[in-house]
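Colleague: here is a sequence together with a model predicted from it:
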Amino acid sequence: MRQEPDHFGDQELDLVYVAKRLKDALRLEQVFTEAGLDYLVEPDRYSGGVIFRTERVGAFFYVSPEHTSTAREIMTSAGFEPYATHG
């Protein structure tokens, strides 16, 4: 279920997906809600483009660390590619 930031308190959340299109964001919200998974979604900026880099706004999906692997499994099953952390 979609939650407000207060629901998670001071807990550090894991970024699991960056939706670049509204259609994808709405579909992932439906997938997470149907699965009963608590998540936070917030707008934020990301860089896009290959030749001409531009700054765009996307929907960033976060879950608590204990639900990260579950969220990734749910997303993969629904055809989403989870956000990959590098480093």
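Modeller: Looks like it arrived, so ask away.

Colleague: which parts of stretch 13-23 are buried?
Modeller: Across stretch 13-23, burial judged by 16 or more other CB atoms under 10 Å covers 13-17, 19. All C-beta atoms are positioned from the backbone trio N, CA, C, and that covers glycine.

Colleague: now it, how far from the centre of its chain.
Modeller: 3 Å (CA atoms, centre = their mean, to the nearest Å).

Colleague: do you have the helices of this protein handy? List them.
Modeller: 5-8, 22-35, 68-77 (DSSP state H).

Colleague: among those, show the one with the smallest mean pLDDT.
Modeller: Least confident of the helices of the chain, judged by mean pLDDT, is helix 5-8 with a mean of 91.

Colleague: and that helix, how far out from the chain middle?
Modeller: Taking mean C-alpha positions (CA atoms, centre = their mean), helix 5-8 and its chain are 15 Å apart.

Colleague: residues contacting the residue nearest to T76 when sequence neighbours are not counted?
Modeller: Nearest residue to T76 in three dimensions, chain neighbours excluded: P82, at 6.7 Å (CB to CB, 6 or more residues apart in numbering). Counting by CB atoms under 8 Å, 6 or more residues apart in numbering, P82 touches 16-17, 71-72, 75-76.

Colleague: and the pLDDT at P82?
Modeller: 95.

Colleague: among the buried residues of stretch 13-23, which are located in strands?
Modeller: 14-17, 19 (DSSP state E).

Colleague: and stretch 50-58, how far out from the chain's middle?
Modeller: Taking mean C-alpha positions (CA atoms, centre = their mean), stretch 50-58 and its chain are 19 Å apart.

Colleague: rewinding a little: which of the helices of the chain sits closest to V57?
Modeller: Go through the helices of the chain one by one with CB to CB and the one that ends up closest to V57 is helix 22-35, at 10.5 Å.
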